[in-house]
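Peer 1: Sequence below, structure please.
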Amino acid sequence: MIQKEDDNAMTRQNVYKSRKLSTDDVGKLLSYKSEDIDLKTLKVLFAYSRDSKPLYDPSDTFRLPKSVLYNSEEENTTVGRYIFNLVLLDDKLGNLIGYQNKVFGDDGLGDLNSELSNLLILDKINTKDMSKYIDKLQWLGFSISSFINASMTTDLVQAPDKVRLKREELLEKYSDKLDEGEKELL
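Peer 2: The predicted structure is shown next:
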């Protein structure tokens, strides 16, 4: 049993271990356009399935060449941040706020939203621009949650066949004892 736990821990560690992308991988990644990114593409990029591994982990790193996606300098970034920028920023927003190469945990997303709200107040963007950003942000967050985040999914709440069969066997085997327990409760 201990060996099995160690094997599972090693598998989990390998799943989340990021890597530095090769030149070929960077070329493939940079070939995506914002209009290419739909749920099917996001699954190919990031989702593990029974039959395949994703192309990338969101934490995989690479060197983003200057002026590729609203970045004024060449910089190190991650695949997740690149896709985030690719999906959420259009020419108007991207040219105003630049490539967002930061962690969006804790206050990161709140800071970005505040920055965009300030641009709205200053009439540098309009409500249509803000609405479009919010729609894309919600679409991206909800679309990937089932394969990026630990979340409530059908796989999580449905018992595997082996467990379901064992449950049925035990319920049948101990039905008399279960019935006695019910009578005591009444």
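
Peer 1: what sits against residue 143?
Peer 2: Residue 143 is in contact with 39, 42, counting by C-beta atoms under 8 Å, 6 or more residues apart in numbering. No exception for glycine: its C-beta is placed from N, CA and C like everyone else's.

Peer 1: so it, which of the three states?
Peer 2: Going by DSSP: H, G, I helix; E, B strand; the rest coil, the secondary structure assigned to residue 143 is helix.

Peer 1: Just the pLDDT at it, thanks.
Peer 2: If you check residue 143, the pLDDT there is 84.

Peer 1: So that it lines up with my notes, have the first residue be 49 from now on.
Peer 2: All set: I'll call the first residue 49, so the last point we hit is now residue 191.

Peer 1: Against residue 81, how distant is it?
Peer 2: To residue 81, residue 191 is 17 Å away according to C-beta to C-beta, to the nearest Å.

Peer 1: quick one: low-confidence parts of this protein?
Peer 2: 49-64, 154, 196-205, 230-234 (pLDDT under 70).

Peer 1: Okay, domains of it per the record?
Peer 2: 50-199, 202-234 (automatic domain parsing).

Peer 1: if you compare those domains, which one is most tucked away?
Peer 2: domain 50-199 (a mean of 14; mean count of other C-beta atoms under 10 Å).

Peer 1: what about the helices in this protein?
Peer 2: Secondary structure of the chain (DSSP state H): helices at 50-63, 71-78, 87-94, 127-136, 139-145, 156-169, 175-196, 202-205, 209-221, 223-233.

Peer 1: will you turn those helices into TSV that also has distance to residue 109?
Peer 2: Shown next, in TSV, are the helices of the chain (distance: least, C-beta to C-beta, whole Å):
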stretch	distance to residue 109
helix 50-63	17
helix 71-78	10
helix 87-94	15
helix 127-136	8
helix 139-145	21
helix 156-169	18
helix 175-196	17
helix 202-205	29
helix 209-221	39
helix 223-233	55
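
Peer 1: Ok, which of those helices comes nearest residue 113?
Peer 2: helix 71-78 (8.0 Å; C-beta to C-beta).

Peer 1: dump the residue contacts of residue 181.
Peer 2: Residues near residue 181 by C-beta under 8 Å, 6+ apart: 136, 141, 164.

Peer 1: Would you quantify the distance from it to residue 211?
Peer 2: Residue 181 sits 44 Å away from residue 211, going by C-beta to C-beta.

Peer 1: for residue 179, same thing?
Peer 2: 45 Å.

Peer 1: for residue 99, same thing?
Peer 2: The gap separating residue 99 from residue 211 is 22 Å, by C-beta to C-beta.

Peer 1: Fine by me, we can end here.
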